Each structure stands twice: as C-alpha cells, then as structure tokens.
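Novice: Here is my input, please return the structure:
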Amino acid sequence: DILVDGKVCDCDAVVTCQVGDPVPLQVKLTNWSKHSVGPFALTMMPYQDYQNGVHNYDLQDAITFVGSNTFYIDAVKPTKDSVYFGSLLFLYTGDFYLNIKFHEDNCSRELPLSWLCLPSVHIRATEPVA
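Specialist: Model prediction:
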C-alpha cells in the first residue's frame, strides 16, 4: 500500500500537492507468504515522464527528500506488515512520478520484476494558494 499525504494511491489517480509543503509518504509492505522475507532495500526515485519514452531522474533542483529515499528492511514475518515513512518537498510546479522499488539488500541480483516494482505514483505539484 502507498499513501501520499495520507491518501491511498491508485496508479490511475493523480495526487495534487503544493510547492514548498512537505508531502508525507507511507509505503506498507505486507508479507502474504508462509515464510519470512528479507533483507530488502526499499528505494523511492522521483522522475518526470516527457511522454516520448524519456524519463528524467535528474531532479535534485526540483524535488528533495526530507530524510532518506532508501529504507532497509531486515525481515518481514508471515502475515505481518512493515511500514516506512518519508516526505517529499517539491521546489517547482509540474507533473512528477515516484518509482518505488524493492530489491535484495545483500547482493547485486535483483528480484523478479513481479516482486521488484510497485506502480508509479503520479504527483502534480501546483503553486501555493494565496
């Protein structure tokens, strides 16, 4: 589950926020298997989609994380949750996306794609209301 500014995100919905206001993020990983899973690293990477096949991940002048954009997960027991919190701060207006990945923390081989990525979250940063 992914929550942006306290609202559950759907991959078809656009979350609107204001430039200059920290936007709280919450990612909850639930283990539905019969065995513990982990260790993992959860990484959140913002990008802009130019709608021509190009994704711009070089956004250090437009977005900053309050805290870290990577969280380490030792293990998640069967039927249990692991919840991670962070915040984004948008410095400019625009349409941005958040790519959220889980990958193995102890080797360079990534998990199968069905495990690896959650659907991208679409966030629209707008001018503050006067």
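Novice: Can you name the next helix or strand after the lowest-mean-pLDDT helix or strand in the chain?
Specialist: Here the helix or strand of the chain ranked lowest by mean pLDDT, DSSP states H and E is helix 113-116, holding a mean of 45. Past helix 113-116, further along toward the C-terminus, the next helix or strand under DSSP states H and E is strand 121-126.
Novice: So what are the sheet partners of that next one and their directions?
Specialist: strand 14-18 (parallel), strand 94-104 (antiparallel) (DSSP bridges).
Novice: Touching the shortest one from outside, list them.
Specialist: Where contact means Cβ atoms under 8 Å, 6 or more residues apart in numbering, the residues beyond strand 14-18 that reach it are 4-5, 7, 9, 23, 90, 95, 121-129. (Glycine included, C-beta is placed from N, CA and C.)
Novice: Low-confidence stretches in this structure?
Specialist: 11, 104-118, 130 (pLDDT under 70).
Novice: Just name the closest of the contacts of strand 14-18 to residue 43, please.
Specialist: Using Cβ to Cβ, residue 121 comes nearest to residue 43 of those, at 13.6 Å.
Novice: With residue 67 as the reference, measure out to the closest one.
Specialist: 17 Å (Cβ to Cβ, to the nearest Å).
Novice: just residue 54 next, same as before
Specialist: On the measure of Cβ to Cβ, residue 54 and residue 67 end up 28 Å apart.
Novice: and these two? which has more neighbours close in?
Specialist: Taking other Cβ atoms under 10 Å, residue 54 and residue 67 do not tie; residue 67 has more neighbours (12 against 9).
Novice: how much space is there between the spatially closest residue to residue 9 that is not a sequence neighbour and residue 60?
Specialist: For residue 9, ignoring the flanking residues on the chain, the nearest one in space by Cβ to Cβ, 6 or more residues apart in numbering is residue 2 at 4.4 Å. Relative to residue 60, residue 2 is positioned 23 Å away (Cβ to Cβ).
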